Every structure is written in structure tokens, then in C-alpha cells.
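> this is a predicted model, with the sequence first.
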Amino acid sequence: MLKVAVLVSGGGTNLQAILDAQAAGTIPHGQVSLVVASKPGVYALERAARAGVESAVVSRRDYPSAEAFDAALLHTLQSHGIQLVVLAGFLSILGPSVIAAYPDRIVNVHPSLIPSFCGEGFYGLRVHEAALAKGVKVTGATVHLVNEVCDGGRILLQKAVDVEPGDTPEILQKRVMEQAEWKLLPAAVEMLCKEYDK
């Protein structure tokens, strides 16, 4: 069974989806053993505590450079024996040293069908604002591996979600989470854990 760390920056709804899947027995090859938040006081830390999962805060602003932040994050992951890293709304960019330490073992969920509405600057509501501004009829979510290119790693899973008349960015965001992100991310975690659990 692989030790999984989930990296969060906010409410932790994707973290909750993974914890719920784990509790339901649908991630038999992995165990969330650490939640890392990019700032103190976020609700995701509460979710971790409720699930009995250890947590840590590694905040970019506490370090003089991106390299120092990466070193601290890497130390936190490695000292807990983490084998798979899941980015669940983690708003800090991972540096080369972290990515190199976990080749093909860092997974991210992005709230669009990559290659649409992705890359630098596309996160949170901005993605849904862009989709609505473009007038697309279908959007969705993508789970992909993380490499040095923002949203550029190999795609693992995608799910389409219809855009409805009258959608606001907030309504669309919620639908994409419920219909795609919360289903895809736990499935991808199990897929990778099963692959590496040898």
C-alpha cells in the first residue's frame, strides 16, 4: 500500500473526495498519510484532523526563496515516507527538485479539458470564467501527471461536463467538481497506487 500525501491550499473538497473514497474502500492500494497545506488555518486541515490524518503547513512566504520552499516541502514529504503526491487545489508551483524526486508520482486535477483553458494563470474560477467567455458547450476536468510544464504532464483521466444556459463561473465550478473532479481524482490515485504497489 502506497503512502499518499495530498497538498491543499483551501477548503479541501478534492481532499474530502479522496478521503471518502478511501473510507469506502475504493483506494485499496493507497493510504492518505499526510496532508500538506500551503497556509495555516485552511479548512482542509480540519478535514484531515477529522479523518485522523497527520498534517503539516509549508508556506511559501516562510522561506527566502523558491528553492528553500521546495527543500522544506521535499523534506516534509520524504520524512513521512511519501510515495505518491496529489495536488488538490495546491496553489504553489512545485520546483524542479520536488518534481525530480517524484517522477510520474505527482498528480494534479485541473478544472478543464486540457489542452483548453490551462497553463499559467488558469486556476480556480479563472478557468470557468474563460470557458464561459469563450462560449464552449462542454467543459470538464483532467487529472494529469505533473512535470516542469504548467498543466503539461501526461493526461491520465478526463471527464466532460455540460455547460448549461445561465451558468455563472461559480455554478459551473461546482458542477465540474461534483460531476468530474471528485470522481476522477480518487480513481487516478488508485490507478497510480496500484501501478506502483509492487
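That came through fine.

> is it true that A51 touches Q31?
No - between A51 and Q31 there is no contact under C-beta atoms under 8 Å: 11.1 Å. Where you see a C-beta, it was placed from the backbone N, CA and C, and this is true even at glycine.

> A71: how many residues sit nearby?
15 (other C-beta atoms under 10 Å).

> enumerate every residue touching it.
S97 (C-beta atoms under 8 Å, 6 or more residues apart in numbering).

> same thing but 10 Å
Contacts for A71 (C-beta atoms under 10 Å, 6 or more residues apart in numbering) come out as 63, 65, 95, 97-98.

> what helix or strand is it on?
helix 66-79 (DSSP states H and E).

> now do the buried residues in the helix or strand following that helix.
Moving toward the C-terminus from helix 66-79, the next helix or strand (DSSP H and E) is strand 84-87. Using 16 or more other C-beta atoms under 10 Å as the test for burial, strand 84-87 gives 84-87.

> and if you look at stretch 20-36?
21-22, 27, 29-36.

> wait, P28 touches C193, no?
Yes - with contact defined as C-beta atoms under 10 Å, P28 reaches C193; the gap is 8.2 Å.

> any shared contact partners between those two?
Shared contacts of P28 and C193, counting by C-beta under 10 Å, 6+ apart, come down to M1.

> returning to what we had before: would you list the buried entries among the contacts of A71?
95, 98.

> helices of the protein, start to end?
Using DSSP state H, the helices of the chain run over 13-23, 43-50, 66-79, 96-101, 125-134, 169-176, 182-196.

> as TSV, the ones you listed with distance to V57 would be great.
Listed next are the helices of the chain as TSV, based on distance: least, C-beta to C-beta, whole Å:
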stretch	distance to V57
helix 13-23	14
helix 43-50	8
helix 66-79	9
helix 96-101	16
helix 125-134	24
helix 169-176	25
helix 182-196	22
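
> now mean pLDDT too, for these, in JSON lines please.
What follows is these, written out as JSON lines (pLDDT from 0 to 100):
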{"stretch": "helix 13-23", "mean pLDDT": "96"}
{"stretch": "helix 43-50", "mean pLDDT": "97"}
{"stretch": "helix 66-79", "mean pLDDT": "96"}
{"stretch": "helix 96-101", "mean pLDDT": "96"}
{"stretch": "helix 125-134", "mean pLDDT": "96"}
{"stretch": "helix 169-176", "mean pLDDT": "97"}
{"stretch": "helix 182-196", "mean pLDDT": "96"}
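
> these: which one's closest to N147?
Proximity to N147, assessed across the helices of the chain by C-beta to C-beta, is greatest for helix 96-101 (6.4 Å).
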